[in-house]
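Novice: Need a 3D model of the following:
(2 chains)
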Amino acid sequence: MVINNAAAADRVFRALADPTRRRILERLARRDHVVGELVEQFDMSQPAVTKHLNVLAEARLVSRHRRGRERVCRLEPAALRHSAEWIEACRTLWSARLDALETLMTDIQSGKEPSR
Amino acid sequence: MSTPTQSPPLVVRRVIAAPAELVFRAWSDPAVASRWGWGKAYDTIALELDCRPGGAWRHEIRNRESGETFWFEGVFREVEPGRRVVHTFQWRSDRGYRQDESLVAVELLPRGAATEVVITHTLLPAESVADTDTGWHDCLEQIDAAVRDAGGEPR
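Specialist: Next up is the predicted model:
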């Protein structure tokens, strides 16, 4: 149950919660982009795009590298693993919880008293 | 749930051989809830439960092997007796692990004499998203596919 990467997963989910950021990721999934290209494609101001990129970078979904005078943005798919792990950890948690519910309901209906 | 959500919904279903009124008491009635644990690996140490909109719940549980203590807690947002419960959910442990607030919706669907329990667990939406927008899963799938195509390692 220990969800080691909960905070990381949380950052990923929050980053993915915004439609513009998801579209940025989709673009980056195809190839690296320089910031200027993203500004053009999304018809947004550079600060607005940078703000989204900062959120994505904090979630480690995107890395930025210098290439000459430009900054290249790259998708970092490893971060997506955290979100997958969060889902798996929660699934395990609820599965155990429902096992316990099943047992409890059987006990109650068969008149078994609390074991304590 | 019909509400589209941009956070990743986790849905877990189980048919329980008990009527919905009884199953519901596992959420609402402290006498029943105190007997309902989080699996064989955990002992329930303490439980607080105030099952009404705005009321709080809190479970203190301890891992039998490691001794790690967890506090699971939240606030009820919707309560429809015998049918539906929505509550927030967050946890922390005495070893510094924590999970920020998320949202759990529980629906109880009659299935003859039994009840199907449907648990939908989502992180709280940070911002609202238009219904027509690419969903979270689509986004992940596209990224995953693109990375695979590029010969990268998606996991």
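
Novice: Scan chain B for its longest strand.
Specialist: What stands out as the longest strand in chain B, according to DSSP state E, is strand B:98-111.

Novice: what is the orientation angle of the helix or strand where B:Phe89 lies with strand B:98-111?
Specialist: Taking DSSP states H and E as the definition, B:Phe89 sits inside strand B:84-93. Angle, strand B:84-93 to strand B:98-111, by axes from the mean of the first three to the mean of the last three C-alpha atoms, to 10 degrees: 150 degrees.

Novice: any idea of the pLDDT on whichever residue of chain A sits closest to chain B?
Specialist: Minimum separation of chain A from chain B (C-beta to the nearest C-beta) falls at A:Ala96, amounting to 3.0 Å. Where C-beta positions appear, they are placed from N, C-alpha and C, glycine not excepted. A:Ala96 is assigned a pLDDT of 93 by the prediction.

Novice: Which strand or helix spans the residue in chain B that chain A sits nearest to?
Specialist: Chain B approaches chain A most closely through B:Gly39 (3.0 Å), counting by C-beta to the nearest C-beta. Assigning secondary structure by DSSP H and E places B:Gly39 outside every helix and strand.

Novice: Can you tell me how far A:Pro19 is from A:Trp94?
Specialist: With the distance defined as C-beta to C-beta, to the nearest Å, A:Pro19 ends up 28 Å from A:Trp94.

Novice: out of those two, which sits in the more crowded spot?
Specialist: Ranked by neighbour count (other C-beta atoms under 10 Å in any protein chain shown), A:Pro19 and A:Trp94 place A:Trp94 first, with 22 against 18.

Novice: Could you grab the helix/strand/coil label for that one?
Specialist: Reduced to three states with DSSP: H, G, I helix; E, B strand; the rest coil, the structure at A:Trp94 is helix.

Novice: quick one: it and B:His121 touch, right?
Specialist: Yes. If you go by C-beta atoms under 8 Å, A:Trp94 and B:His121 touch, sitting 6.9 Å apart.

Novice: what is in contact with those two at once?
Specialist: Taking C-beta atoms under 8 Å, 6 or more residues apart in numbering or on different chains as the contact criterion, the residues that touch both A:Trp94 and B:His121 are B:10, B:12.

Novice: so what's residue 38 up against?
Specialist: Picking chain A for this. Contacts of A:Leu38 (C-beta under 8 Å, 6+ apart): A:24, A:27, A:49, A:53, A:73.

Novice: try again with chain B
Specialist: Contacts of B:Trp38 by C-beta under 8 Å, 6+ apart are A:1, A:93, A:96-97, A:100, B:44, B:59, B:61, B:72.

Novice: same deal with B:Val75?
Specialist: Applying C-beta under 8 Å, 6+ apart, we find B:Val75 in contact with B:54-57, B:87-88.

Novice: run the last query once more with 7 Å
Specialist: By C-beta atoms under 7 Å, 6 or more residues apart in numbering or on different chains, the residues touching B:Val75 are B:54-56, B:87-88.

Novice: got the residues you listed as JSON lines, with neighbour count columns?
Specialist: Formatted as JSON lines, these follow (neighbours: other C-beta atoms under 10 Å in any protein chain shown):
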{"residue": "B:Gly54", "neighbour count": "9"}
{"residue": "B:Gly55", "neighbour count": "16"}
{"residue": "B:Ala56", "neighbour count": "14"}
{"residue": "B:His87", "neighbour count": "21"}
{"residue": "B:Thr88", "neighbour count": "16"}
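
Novice: If we only consider those, which is nearest to A:Met105?
Specialist: Taking C-beta to C-beta as the measure, A:Met105 lies nearest B:His87 of the contacts of B:Val75, at 19.9 Å.

Novice: Wait, the closest one touches B:Arg77, no?
Specialist: Yes. Contact between B:His87 and B:Arg77 holds when scored by C-beta atoms under 7 Å: they sit 6.1 Å apart.
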